[in-house]
Every structure is written in structure tokens, then in C-alpha cells.
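Participant: Take this sequence and fold it.
(chains A and B, ligands or ions: 2)
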Protein chains: 2
Amino acid sequence: MGSQRRLLLVSSSTVHGGGYLGHCQQQVGSFFGQKVKRVLFIPYALHDRDAYAKTAREKFESLGYGLDSIHESSDPVEAVRKSEAIFIGGGNTFRLLKALYDNSLLQEIRKRVLEDGIPYMGSSAGTNVATLSIHTTNDMPIVYPPSLQALGLVPFNINPHYLDPDVNSTHMGETREKRILQYHEEPETPPVLGLYEGAMLLVEGDTATLQGVTGAQLFLRGQKPTKHEPGTDFSFLLMDSNFQKP
Amino acid sequence: MGSQRRLLLVSSSTVHGGGYLGHCQQQVGSFFGQKVKRVLFIPYALHDRDAYAKTAREKFESLGYGLDSIHESSDPVEAVRKSEAIFIGGGNTFRLLKALYDNSLLQEIRKRVLEDGIPYMGSSAGTNVATLSIHTTNDMPIVYPPSLQALGLVPFNINPHYLDPDVNSTHMGETREKRILQYHEEPETPPVLGLYEGAMLLVEGDTATLQGVTGAQLFLRGQKPTKHEPGTDFSFLLMDSNFQKP
Ligand SMILES: [Ca+2]
Ligand SMILES: [Ca+2]
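Facilitator: Ligands and ions are numbered 1, 2, ... in the order given. Sure, this is the predicted structure:
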């Protein structure tokens, strides 16, 4: 790749008992660093964009960053073009991806991140859309995007909010593991990294490292899933020869 | 409508501790009755169609019905045209709906059920595709169907495997209720009937009755969800003026 990309892909904006982005605020600060002054926020995953921008703005200002919400801009593509950093928040992944398509933003975000090297942070749905596709979202398909192909900033998929099967459950719906294994029954499907809540993946160029405290479950097509601890080097997932810019 | 339709829409093929279709076998027998000799099974929701047909065949034979699996037919449309009853089983709803489109089956199934009045049974994903759309499936979007519009045999949506929020959970993913409420944030979205596992909806012409032992949760756009007991008459959901053949 040789890409300049810098990505912070967080499993969930909150963990149980914590506030908005509380569990990852240290990583957020060192990720955006001193040079970034303002972050462009994309609130499309939630219905009430004003309220969502207010929540995000308060948090980012407390960390020393200004925040512009893209929905307040009359020209969203231009807003991306001028941005020095991007944060896409969680909510419903289908709604988010459809809005990215509706506003013709995918190509410009891809260019800014992969070519210009501006930092991209995603949380939950915002992490899903950073990957190859949203085929491994947990969300309900409340709208129909023109494609499930996403930004493709990394050549694999992530499953955010990953969780182990609940051995005490009497519910007969598929476990998360079973759902991802069903995805891998389909031909030519890429690796899926299941990020437990509290985990995040830091990508810097061709290096990927698991951060946070909870770990991840890695699914490779045709292989048994494997559990990985914080600190794991996942750079090999970036070297996948299947890398495709959708 | 004046439709001759007869539908048995089951939430899940199994309930905790029971065997395949065990909890609804009495309803299955009285639904198909004495006149039906053979049931056409559609196993598209699971990857291993042979194994799935074997499971379904054993159960239906034990209830006194022959079973033909559509995947064993060289002409699936013709198989629907000749069928005297249809059963679509559960699995992944996206995979199922895509296969129905790929095999050009939607129009023929709709005709046989709504015009010719042959009985249609669905379970889980097979229940989802009987409704207006699969916008309220719980499944992972492992493939991309050409549309989320489904058979439209009833003018509303169902959420199978419905479950109440787990008050002891520390997981931060959306509850089922929250997901359906997000669906209803979208404009012109139809009612959603959340069928608890163990529940099923019997539709006969313009009459709909909740059967089974667990009940259902009804979501009408812009209203608070309401819980309903077995025996509830849901015929008013069939009179919805929004009825659309997709
Ligand atoms: Ca979500
Ligand atoms: Ca399913």
C-alpha cells in the first residue's frame, strides 16, 4: 500500500458504565495530537443530527478540539475537502452508508484519508463504513443503500460490539459467531475482525495494532476463529492481496 | 382485499429445549389439513440445502406430509406453479431473499398464495419474506439482494425472534425495541409486529390471529409499542390502506 492512512477504529462510543467516548479519550487525544485544531464530524447514523453534533462537540471541545458537523455545511463534499480530520459516529450503519452515497462523499473521504493522510476516526457504524463493506454490521437494514461496499480504507471487515455467545441464553436467534460464519460461507469474503466493546484498532500506514482493554476475535474464511489480546499486531491484515478500492 | 390467502407465519423454527418445529406442530397440522399431500420446501436461507431439506422432510413426513425441496427441481418457477402448499424455512434473510430474486420466484409465489389460495407457511426468515419487506430482519447482511421489498403477502412487517431488552446486560448495542424505533424514524414505514419466539400469526383471508403461547409486541409509527397476548385479533393490520404489492 505505502498509504499514509491514519485510522482509529473504535468498537463502540460507550462501554457499560462510562460516558460518551470516555473509554477511549486518551487514544483520541494522542491520535489527533497537537496539530489538528478542528475535527469534521459526520452524524448521519442517527436521525437527530443536531442533538448528535451537540454531544460530539461537547466531548471534543473538552479534549481541546473544535468540531464542525457536516450536516451544518451547505456543501458536504467541500467540507470534506477542507477538513483536517474526520470523525464518523455510530448509530445505524445502513442509514449512515446511504447518506454517504446520497451526498457523494465516499470518493472524497477516501482521497483525503488515503492520499492526503488526514486522520480518520470511526466509532461503531463509523468503523463499519471505514472497512471494505458493511456486510458484517449488526444493525437493522432500516434503509436500502445503493451498495454495501464502503470506504475500503482497510482490506477487511470489522464487526463492532463483538460479543461471545451467552451460554445462559434461551433465545434461539443466531449468535454473533454464527452470523459471521454464515458470512464466510459466501465465496471470496474477506477476514472479519470482531472488536469487543472497549477495543479499537489503530492503523498507521501499513501497521495495525489492537488497543483498548478487551481484545478481539479474528475470523478468517474457512478457519476456526481466534481470540487476540490488546497489543496484538494485526498488520498482516493490511497486506491482504484482496485489497480492493471499491 | 378479498384475498383467499392462508398464511402461518411462525417466529422461530425452534424454541428453547424443543425440537425442529416442535412447538408449532399442532398448528402446522391443522393449517395444512387433510387436503394437502405434499409441501414445497424452500431451503434458500441456509447454505447446506441438502441437509436442510433432510431435516424439514423428516419433520413433515412425521406429520403425514410429503416434502419436495425446490433446490432439487430443475425449474424452480415451475415447481412453485405446480405446488399445493409452500414452506419457507429460516436462516439468513438476505441470502433467502436474494435467492428468491435470483430464481425469479417472487411473482409466482405471490400469485399462487394471493390468487390461487395455496397455504404458505414461513418460519423466521421465511416469515420476514412473507411481509412487505425485510427492513426489520435481525440478520446480518451477508449478501446484497436487488431490493429489500419482499412478497408483500401482508401489508406490514414482522420482526421474528422478538425479545425484550435484557435489563442485566452490559452490552451497549441497540436493543431490539430501539432498532425497530429507528426503523420508524424513517418516513412512511409500515407497522411492525414483533413476534416472540413461540408465537405465530395465522392469516386467513382478511382475518389475522395471534397463536402460540408467548405473544407479540406491536409497533405503530409514532406510537408507544404495545404488548399483546395469544388470541389477539390483528385483522386491522390487514386493512391497512398502505397495502402495496411491491
Ligand atoms: Ca448500531
Ligand atoms: Ca436468522
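Participant: where along chain A do the strands fall?
Facilitator: A:6-10, A:38-42, A:66-69, A:86-88, A:120-123, A:157-162, A:192-196, A:199-204, A:207-212, A:216-219, A:226-228 (DSSP state E).
Participant: quick one, longest helix in chain A?
Facilitator: The residue-count maximum for a helix in chain A (DSSP state H) belongs to helix A:49-62.
Participant: Of all the strands of chain A, which one is nearest chain B?
Facilitator: Closest to chain B of those, according to C-beta to the nearest C-beta: strand A:157-162, at 4.3 Å. For the C-beta atoms, the positions are set from N, CA and C on the backbone; glycine is no exception.
Participant: for the closest one, packing partners?
Facilitator: Under the contact criterion of 3 or more C-beta pairs under 8 Å, 6 or more residues apart in numbering or on different chains; DSSP states H and E, strand A:157-162 touches helix A:125-128, helix A:176-184, strand A:192-196.
Participant: Out of these, indicate the one that is most buried.
Facilitator: Mean neighbour counts were taken over the helices and strands packed on strand A:157-162 using mean count of other C-beta atoms under 10 Å in any protein chain shown, and the top value, a mean of 29, falls to helix A:125-128.
Participant: thinking again about what came up before, turn the strands of chain A into a markdown table, including mean pLDDT and distance to B:Ala208.
Facilitator: Compiled in a markdown table, those are given as follows (pLDDT from 0 to 100; distance: least, C-beta to C-beta, whole Å):
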| stretch | mean pLDDT | distance to B:Ala208 |
| --- | --- | --- |
| strand A:6-10 | 98 | 44 |
| strand A:38-42 | 98 | 42 |
| strand A:66-69 | 98 | 44 |
| strand A:86-88 | 98 | 41 |
| strand A:120-123 | 98 | 41 |
| strand A:157-162 | 98 | 35 |
| strand A:192-196 | 98 | 39 |
| strand A:199-204 | 98 | 45 |
| strand A:207-212 | 98 | 48 |
| strand A:216-219 | 98 | 40 |
| strand A:226-228 | 98 | 46 |
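Participant: In TSV, list those along with distance to A:Phe32.
Facilitator: Shown next, in TSV, are those (distance: least, C-beta to C-beta, whole Å):
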stretch	distance to A:Phe32
strand A:6-10	9
strand A:38-42	7
strand A:66-69	11
strand A:86-88	9
strand A:120-123	8
strand A:157-162	20
strand A:192-196	20
strand A:199-204	12
strand A:207-212	15
strand A:216-219	23
strand A:226-228	26
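Participant: burial of A:Ala199, as a residue count?
Facilitator: Per other C-beta atoms under 10 Å in any protein chain shown, the neighbour tally for A:Ala199 reads 28.
Participant: quick one: A:Val36 from A:Pro43, how far?
Facilitator: Distance, A:Val36 to A:Pro43, using C-beta to C-beta, to the nearest Å: 19 Å.
Participant: Could you check which of those two has the larger neighbour count?
Facilitator: Ranked by neighbour count (other C-beta under 10 Å), A:Val36 and A:Pro43 place A:Pro43 first, with 26 against 16.
Participant: was I right about that one contacting A:Arg57?
Facilitator: No - contact criterion C-beta atoms under 8 Å: A:Pro43 and A:Arg57 do not qualify, at 10.2 Å.
Participant: list the residues that contact both of the two?
Facilitator: Shared contacts of A:Pro43 and A:Arg57 (C-beta atoms under 8 Å, 6 or more residues apart in numbering or on different chains): A:Ser69.
Participant: which residues does A:Val80 contact?
Facilitator: Counted by C-beta under 8 Å, 6+ apart, A:Val80 has contacts A:40, A:70, A:86, A:105, A:108-109, A:112.
Participant: tell me the pLDDT at the closest residue to A:Met140 other than its chain neighbours?
Facilitator: Distances taken as C-beta to C-beta, 6 or more residues apart in numbering or on different chains put B:Arg179 closest to A:Met140, at 4.3 Å, once the chain neighbours are dropped. Here, the pLDDT recorded for B:Arg179 equals 98.
Participant: likewise A:Phe243?
Facilitator: 44.
Participant: now swap in the one 3 residues further on and tell me
Facilitator: Here, the pLDDT recorded for A:Pro246 equals 40.
Participant: where are the low-confidence patches of chain A?
Facilitator: A:1-2, A:240-246 (pLDDT under 70).
Participant: Give me every residue in chain A that's in contact range of chain B.
Facilitator: Proximity of chain A to chain B is confined to A:12-17, A:47, A:91-92, A:94-95, A:134-144, A:147-148, A:161, A:163, A:170-174, A:179-180, A:182-183, A:185-186, A:189, A:197 under the rule C-beta under 8 Å from any C-beta of the partner chain.
Participant: repeat that for 7 Å
Facilitator: A:12, A:14-16, A:47, A:92, A:134-138, A:140-144, A:148, A:161, A:163, A:170-173, A:179, A:182-183, A:185-186, A:197 (C-beta under 7 Å from any C-beta of the partner chain).
Participant: Just the buried residues from those, in PyMOL please.
Facilitator: Of the residues of chain A next to chain B, the buried ones can be selected in PyMOL as follows, counting by 16 or more other C-beta atoms under 10 Å in any protein chain shown:
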select buried, chain A and resi 12+14+15+47+92+134+135+136+137+138+140+141+142+143+144+148+161+163+172+173+179+182+183+197
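Participant: In helices only, show me the residues of chain A next to chain B.
Facilitator: Among those, the members found in helices (DSSP H) are A:179, A:182-183.
Participant: List the residues that contact the residue of chain A positioned farthest from its centre.
Facilitator: The C-alpha centroid of chain A is most remote from A:Thr170, which lies 30.9 Å away (C-alpha atoms, centre = their mean). If a contact means C-beta atoms under 7 Å, 6 or more residues apart in numbering or on different chains, then A:Thr170 has B:His16 as its contacts.
Participant: Likewise for A:Gly212?
Facilitator: By C-beta under 7 Å, 6+ apart, the contact list for A:Gly212 reads A:24, A:198-200, A:230.
Participant: again, but for A:Ile142
Facilitator: Counting by C-beta under 7 Å, 6+ apart, A:Ile142 touches A:92, A:94-95, B:135, B:182-183, B:186.
Participant: For it, which non-adjacent residue is spatially closest?
Facilitator: Counting by C-beta to C-beta, 6+ apart, B:Tyr183 is the residue found nearest to A:Ile142 once chain neighbours are left out, at 4.2 Å.
Participant: follow-up on the earlier one: dump the helices and strands packed on strand A:157-162 into TSV; add distance to A:Leu63 as well.
Facilitator: TSV is the format used below for the helices and strands packed on strand A:157-162 (distance: least, C-beta to C-beta, whole Å):
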stretch	distance to A:Leu63
helix A:125-128	17
helix A:176-184	31
strand A:192-196	22
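Participant: of these, which approaches B:Tyr65 most closely?
Facilitator: With C-beta to C-beta as the criterion, B:Tyr65 lies closest to helix A:176-184 of the helices and strands packed on strand A:157-162, at 28.2 Å.
Participant: Specify the angle between that closest one and strand A:192-196 in degrees.
Facilitator: Here the directions of helix A:176-184 and strand A:192-196 differ by 160 degrees (axes from the mean of the first three to the mean of the last three C-alpha atoms, to 10 degrees).
Participant: I'd like the distance between the residue nearest the centre of chain A and A:Leu151.
Facilitator: Centroid check for chain A by C-alpha atoms, centre = their mean gives A:Thr127 as the closest residue, at 0.7 Å. Distance check for A:Thr127 against A:Leu151: by C-beta to C-beta, it reads 11 Å.
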